[in-house]
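Participant: one predicted model, sequence on top.
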Amino acid sequence: MLSNAMSESQPSNARLRVGAQADGWPTLLVVDSDAQMMQTLVCFFEKRGFHVAAGNSLAEAKGFFHRRKNWTLIICDYHLSDGTGGELCDLVREQGMETPVLLMSGSPHCATLCAGNDYLSKPFQLEKLEAYVQSVRRN
């Protein structure tokens, strides 16, 4: 479970300047208002060679998205303090981008909330998330 994963990461390492990322390297945008979840995901993927930008709100996610169009994957919690991950999915589609978006939700209504989008129900095993990311990278 996520609570057992890599708690040693530093919050100061969690937020990278998007402009500093190399264009050819896999890049993830992680958005979650739960600081522990975000820190766990950032650390997990940075240790696997990904460049990770992290935000805790829809507004912050939109800012990252507008500064960099070429993301390997966007991973976003459905419930954010200022909107939903569904709204971020809509923005990606409206921009005509091919960037895959994976939603996460701890809601018992996750399947309904995330209908039409790829999603994981919280809690989940990090290996399940990693398998999804690897399948996206192969496509």
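Facilitator: That came through, no problem. Numbering: from 1, shown residues only.
Participant: so how far is stretch 89-101 from its chain's centroid?
Facilitator: Chain-centre distance of stretch 89-101: 14 Å, with CA atoms, centre = their mean, to the nearest Å.
Participant: mind saving the C-alpha coords of that stretch as PDB?
Facilitator: Only the C-alpha atoms of stretch 89-101 are listed here, as PDB (Å, rounded to 0.1, in the frame of the first residue of the first chain):
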ATOM      1  CA  CYS A  89      -8.900  15.600 -18.500                       C
ATOM      2  CA  ASP A  90     -11.300  18.000 -20.300                       C
ATOM      3  CA  LEU A  91      -8.500  20.600 -20.600                       C
ATOM      4  CA  VAL A  92      -6.100  18.100 -22.100                       C
ATOM      5  CA  ARG A  93      -8.700  17.000 -24.600                       C
ATOM      6  CA  GLU A  94      -9.700  20.500 -25.500                       C
ATOM      7  CA  GLN A  95      -6.000  21.300 -26.300                       C
ATOM      8  CA  GLY A  96      -6.000  18.400 -28.700                       C
ATOM      9  CA  MET A  97      -3.200  16.700 -26.800                       C
ATOM     10  CA  GLU A  98      -2.600  13.000 -26.800                       C
ATOM     11  CA  THR A  99      -1.300  13.000 -23.200                       C
ATOM     12  CA  PRO A 100      -2.800  10.100 -21.300                       C
ATOM     13  CA  VAL A 101      -4.500  11.000 -18.000                       C
END
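Participant: element containing the residue most central in space within the chain?
Facilitator: Centroid-nearest residue in the chain: residue 75, 2.1 Å away (criterion: CA atoms, centre = their mean). Residue 75 belongs to strand 73-77 when assigned by DSSP states H and E.
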